[in-house]
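Novice: how would this look folded up:
(one chain, ligands or ions: 2)
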Amino acid sequence: MRMVDVIEKKRNGLALSTEEIQFFIDGYTDGSIPDYQVSALTMAIFFQGMTEKERADLTMAMVKSGDQIDLSAIEGVKVDKHSTGGVGDTTTLVLGPLVAALGVPVAKMSGRGLGHTGGTIDKLEAVQGFHVEIDNEEFIHLVNQNKIAIIGQSGNLTPADKKLYSLRDVTATVDSIPLIASSIMSKKIAAGADAIVLDVKTGAGAFMKTLDDSRELAKAMVNIGNNVGRRTMAVISDMSQPLGFAIGNALEVKEAIDTMKGEGPKDLTELCLTLGSHMVYLAGKAESLEDARSKLEEVIRNGTALETFKVFLASQGGDASVVDQPEKLPQAKYQFELEAKAAGYVSEIVADEVGTAAMLLGAGRATKESVIDLAVGLVLKKKIGDKVEKGESLLTIYSNSEEVNQVKEKLYESIKITSGYVAPPILVHEEITE
Ligand code: URA
Ligand code: CA
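Specialist: Ligands and ions are numbered 1, 2, ... in the order given. Alright, predicted model coming up:
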């Protein structure tokens with residue numbers, strides 16, 4: 001087989017065979033096919049697209065390019081949740097203990113990555129002593145015992161995707177639905193998920209800014225999952241404004257604890273119940289989605305979710321007393337209020353801009369080398385649709401620096417107030433099951 005023929009075939013709009021896709025992924029991974037040929041192919045894919053079968057083949061070829069995590073020693077259906085990424089998205093922290101409390105095994109592998117705040121692991125490290133440096137055996141033991149554990153990314157997962165993603169980044173071929181969908185799905189499948197619940201974000205703070213694009217990506221991923229034998233569904237949820245109130249690592253841990261107590265922000269709680277219902281249902285722990293939801297509400301009400309969270313923290317070295325005494329979490333030295341300059345209704349809280357403000361405070365990594373300040377961040381007091389008086393606080397800034405003028409300026413630019421009534425955005429737009 002010659003790579004030039006594969007490129008030509010795709011350039012001409014034809015579908016590649018399973019063997020042709022395997023050939024280029026193998027060759028790219030082992031270095032026998034150079035960047036320039038793969039660049040040409042990804043650009044051809046960008047313009048010509050891929051059939052459902054090609055997408056599934058590409059996903060599985062990338063899965064097989066590296067290690068695959070074997071979770072078969074864990075009892076039950078391993079349901080993984082994946083979010084396409086947003087601002088202040090505290091769902092993973094809440095959902096893990098919530099569904100684990102109902103016996104759904106949560107075997108989470110997580111990385112650190114760049115972003116407005118840290119990843120799930122960084123957030124959890126705000127709890128004194130908590131660590132993810134456990135070996136595979138311990139990981140599996142903990143999931144069987146507690147139904148929940150988290151381990152740092154290890155091994156060589158989907159090396160083909162890593163190489164391809166970096167190449168796409170510099171060849172203007174990132175925003176191709178078939179390439180995004182297979183990239184995300186390959187990582188979930190290699191990590192050992194039996195079933196997958198996707199949270200596809202839509203709006204200003206999301207990777208996909210429009211509902212149409214988000215729907216297309218969601219459908220593409222759901223199709224791939226189901227075509228390769230992993231039950232997969234997607235929820236399309238709002239990310240025009242940050243989710244919940246807190247954006248920051250320790251601040252989000254506190255928000256997660258509040259939510260597990262049944263005292264969390266309405267939108268975060270609702271999204272967790274929606275995603276959680278699908279996870280519980282896919283894991284076979286409920287008869288219907290309604291049944292799953294009422295079971296989740298029950299573990300919030302009766303404290304089992306919170307108890308599960310405590311056991312999870314303690315099992316990985318964490319000080320579980322933070323659950324009852326959240327003031328033990330890292331605290332920022334200074335707090336500043338962002339006062340509304342006019343009265344009216346909040347009409348916009350541009351999520352990615354607010355996220356950038358949190359990053360300026362030190363809550364996230366701008367480069368791989370950046371050190372995160374776990375204590376800092378933002379806590380919104382108003383959300384879109386809320387009425388506000390002039391001088392009233394829109395949010396609190398938690399900072400370890402006395403100088404926050406640049407952050408305030410950025411925040412004022414991204415939060416708009418209008419005089420007329422504004423309706424809050426729809427939280428869950430669609431649920432896609434096939
Ligand atoms: N996120 C991924 O993991 N892959 C993509 O291609 C785009 C976003
Ligand atoms: Ca939040």
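Novice: how about the nearest residue to T59, chain neighbours excluded?
Specialist: Nearest residue to T59, sequence neighbours excluded (CB to CB, 6 or more residues apart in numbering): S182, at 4.3 Å. Every C-beta, even on glycine, is put in place using the N, C-alpha and C of the backbone.
Novice: Please name every helix or strand in contact with the one helix or strand that neighbour maps to.
Specialist: Taking DSSP states H and E as the criterion, S182 maps to helix 177-190. Secondary-structure packing of helix 177-190 (3 or more CB pairs under 8 Å, 6 or more residues apart in numbering; DSSP states H and E): helix 35-48, helix 52-63, strand 79-83, helix 159-169, helix 211-227.
Novice: how about a cut-off of 10 Å?
Specialist: helix 35-48, helix 52-63, strand 79-83, strand 106-110, helix 159-169, strand 195-202, helix 211-227, strand 231-238 (3 or more CB pairs under 10 Å, 6 or more residues apart in numbering; DSSP states H and E).
Novice: Please see if it touches ligand 1.
Specialist: Yes. Helix 177-190 reaches ligand 1 (CB under 6 Å from any ligand atom) through L179, I180, S183, I184.
Novice: which ones are touching the residue nearest to T59?
Specialist: S182 makes contact with 21, 45, 50, 54-63, 161, 164, 176, 220-221, 224 under the criterion CB atoms under 10 Å, 6 or more residues apart in numbering.
Novice: And A332, by the same measure?
Specialist: A332 neighbours (CB under 10 Å, 6+ apart): 248, 250-251, 361-363, 373-377, 396-401.
Novice: did I read that right, it in a helix?
Specialist: No. According to DSSP: H, G, I helix; E, B strand; the rest coil, A332 belongs to no helix; its state is coil.
Novice: what's the burial count for the closest residue to it other than its chain neighbours?
Specialist: Excluding its sequence neighbours, the residue lying closest to A332 (CB to CB, 6+ apart) is Y398, at 3.8 Å. A total of 27 residues lie near Y398 under the criterion other CB atoms under 10 Å.
Novice: what kind of secondary structure is Y398 in?
Specialist: strand.
Novice: Contact partners for it?
Specialist: 246-248, 250-251, 330-336, 358, 361, 363, 373, 375-379, 404.
Novice: and with 7 Å instead?
Specialist: Counting by CB atoms under 7 Å, 6 or more residues apart in numbering, Y398 touches G248, L251, A332, Q335, A375, V376, G377.
Novice: Return the backbone torsion pair for the last one.
Specialist: In other words, G377. phi 150, psi -160 (degrees, to the nearest 10).
Novice: Run a quick neighbour tally on it.
Specialist: 28.
Novice: Distance check, it against ligand 1.
Specialist: 24 Å (CB to the nearest ligand atom, to the nearest Å).
Novice: Pairing partners for that residue in the sheet, please.
Specialist: Per DSSP bridges, the residues bridged to G377 are G248, Y398.
Novice: Got the confidence number for it?
Specialist: According to the per-residue confidence, G377 scores 97 in pLDDT.
Novice: again, but for the third one
Specialist: Reported pLDDT at A332 in the predicted model: 98.
Novice: and the gap between it and V379?
Specialist: 11 Å (CB to CB, to the nearest Å).
Novice: Excluding residues flanking it in the chain, which one is nearest the residue of the chain found nearest ligand 1?
Specialist: Ranked by CB to the nearest ligand atom, the top residue of the chain for proximity to ligand 1 is S183, at 3.4 Å. Counting by CB to CB, 6+ apart, the nearest residue to S183 once its immediate chain neighbours are dropped is D161, at 5.2 Å.
Novice: wait, what's in contact with that neighbour?
Specialist: Going by CB under 7 Å, 6+ apart, the list of residues near D161 reads M62, S183, S186, K187.
Novice: I'd like to know how many residues surround the residue of the chain closest to ligand 1.
Specialist: The burial count for S183: 22, using other CB under 10 Å.
Novice: Quick one, which of the contacts of A332 are buried?
Specialist: Neighbour counting with 16 or more other CB atoms under 10 Å marks 248, 250-251, 361-363, 373-377, 396-399 as buried within the contacts of A332.
Novice: and ligand 2, which of the helices and strands packed on helix 177-190 is closest to it?
Specialist: Closest of the helices and strands packed on helix 177-190 to ligand 2 is strand 79-83, at 12.0 Å (criterion: CB to the ion).
Novice: relative orientation of the closest one and helix 211-227 in degrees?
Specialist: 160 degrees (axes from the mean of the first three to the mean of the last three CA atoms, to 10 degrees).
Novice: and strand 79-83 with strand 231-238, angle?
Specialist: 30 degrees.
Novice: just the CA coordinates of strand 79-83, formatted as CSV?
Specialist: Once non-C-alpha atoms are left out, strand 79-83 reads as follows in CSV (Å, rounded to 0.1, in the frame of the first residue of the first chain):
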residue,chain,number,x,y,z
VAL,A,79,-19.6,3.8,32.7
ASP,A,80,-17.4,6.7,31.9
LYS,A,81,-18.5,10.3,31.7
HIS,A,82,-16.8,12.7,29.4
SER,A,83,-17.2,16.4,29.0
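Novice: Return the angle between stretch directions for it and helix 177-190.
Specialist: Using the same axes, to 10 degrees: strand 79-83 against helix 177-190 is 140 degrees.
Novice: is strand 79-83 anywhere near ligand 1?
Specialist: No. On the criterion CB under 6 Å from any ligand atom, strand 79-83 is out of touch with ligand 1, staying 9.2 Å away.
Novice: re the thing from before, which among the buried ones among the contacts of A332 gets closest to D267?
Specialist: L251 (16.1 Å; CB to CB).
Novice: Next up, identify which helix or strand the closest one is on.
Specialist: helix 249-260.
Novice: For the most centrally placed residue in the chain, list the residues it contacts.
Specialist: For the chain, S83 is the residue whose C-alpha lies nearest the centre (CA atoms, centre = their mean; 3.2 Å). With contact taken as CB under 7 Å, 6+ apart, S83 is in contact with D89, T91, D199, K201.
Novice: I am finished for the moment; much appreciated.
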